[in-house]
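> Sequence plus the predicted model coming up.
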Amino acid sequence: MSSNDLAVEVHDLTYSFPEGKRAAIKNLSLNVEWNKKILVVGNNGAGKSTLLKLLSGKHLCLGGDIKVGGRNPFAPNNDQESVMLTTYLGTEWASMAIIHRDIGVLELLESIGLSHYRARGEELVRILEVDVNWRMFKLSDGQKRRVQLCMGLLKPFRVLLLDEVTVDLDVVARDRLFKFLDQETKTRKCSVVYATHIFDGLAPWADEIICLQGGTITKQLDYQRDIHFTKELNGVQEDDQHGTGQHSVLLGYMKSLYPLALHWLSRDQSQK
Ligand SMILES: Nc1ncnc2c1ncn2[C@@H]1O[C@H](COP(=O)(O)OP(=O)(O)OP(=O)(O)O)[C@@H](O)[C@H]1O
């Protein structure tokens, strides 16, 4: 497959922070196809944020190759394109100062180009239940995050890098955000890489699940092909099929209150 056919192409990537004692990313290789949603899981310190930042071009990669949409994400992009190569929504983005100011939501969205992306902006405002008349400093944390997501997603992306930015969202907003992203990856050439510690509602959403440990990918599963659910088992059974290196996973059904919370909160919102 040539570079242009892949959303992300990482080959033998090693990255150390200037002050870091050990490499945060080690000999990592990864291909992400277009129209895919990839879930990145891993312990604290496993390298998830570092990987996403490298993919977004925030850190310069010296060891190995990174291509996003066939291009080096660190190289300056002077094209006046209507689609961003990468959109990175992570911790620093989440703490941007403007969301605490005395400014109206409409003014904020207009300042970042709402008039150019009117239909998309209106769709985001609708699905994230944002009121454009809100004033930012009066909002709850979750409401601020919903406005921020409208801002961050206003311009279409080729590759969206989401670094756990859904913690403040109620289950309905989170569910709608994931449906929007699912629709995006099904209707245009784009992909999503999402690092999270919250797995509620994500099982049927992700196309692939990657496990990162010590800066290296230790598992990569295709949701449809490799993951199966059963009532006959408690916990997890992992198999290496006939020693081929191809893993499959059998998961016991787990009781979860997530569908109940989603049902209740969706009903509450429809009664507003
Ligand atoms: N600015 C930095 N300088 C030095 N080392 C860093 C820096 N940022 C992260 N690291 C180190 O790089 C490694 C990977 O960190 P990273 O933030 O990518 O982990 P993570 O998987 O995103 O963790 P978490 O789940 O806690 O967000 C860790 O060992 C961390 O200590």
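Thanks, I have the structure now.
> how near is Arg25 to the ligand?
To be clear, residue 25 is Ile; Arg isn't right here. As judged by CB to the nearest ligand atom, to the nearest Å, Ile25 and the ligand stand 8 Å apart. From N, CA and C alone the C-beta is placed, and that goes for glycine too.
> Okay, and the beta partners of that residue?
Tyr15 (DSSP bridges).
> shouldn't it be in contact with Tyr15?
Yes: Ile25 lies in contact with Tyr15 (CB atoms under 8 Å); the separation is 4.2 Å.
> which residues are common contacts for these two?
50, 54, 215 (CB atoms under 8 Å, 6 or more residues apart in numbering).
> Run through the residues that contact the second one.
By that I understand Leu54. With CB under 8 Å, 6+ apart, Leu54 has these contacts: 13, 15, 25, 61, 66, 73.
> repeat that for 10 Å
10, 13, 15, 24-25, 28, 47, 60-61, 64, 66, 68, 73-74, 161 (CB atoms under 10 Å, 6 or more residues apart in numbering).
> Mind giving me the PyMOL command for buried ones among those residues?
In PyMOL, this line selects whichever of those come out buried by 16 or more other CB atoms under 10 Å:
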select buried, resi 10+13+15+24+25+28+47+61+64+66+68+73+161
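> which of the contacts of Leu54 lies closest to the ligand?
Lowest distance from the ligand to these (CB to the nearest ligand atom) belongs to Ala24, with 3.4 Å.
> pLDDT score for the closest one?
Looking at Ala24, its pLDDT stands at 95.
> nearest residue to it other than its sequence neighbours?
Thr50 (4.4 Å; CB to CB, 6 or more residues apart in numbering).
> Just to be sure, that neighbour is in a helix?
Yes: assessed by DSSP: H, G, I helix; E, B strand; the rest coil, Thr50 belongs to a helix.
> Can you report how many residues lie near it?
23 (other CB atoms under 10 Å).
> got the contact list for it?
So Thr50 contacts 13, 15-17, 20, 23-25, 28, 58-59, 212, 215 (CB under 10 Å, 6+ apart).
> Mind checking the pLDDT average for the longest helix anywhere in the chain?
Taking DSSP state H as the criterion, the chain has its longest helix at helix 171-187. The average of the pLDDT scores along helix 171-187 is 95.
> Show me what that helix packs onto, helices and strands only.
Under the contact criterion of 3 or more CB pairs under 10 Å, 6 or more residues apart in numbering; DSSP states H and E, helix 171-187 touches strand 37-41, helix 118-127, helix 141-153, strand 157-163, strand 191-195, helix 258-270.
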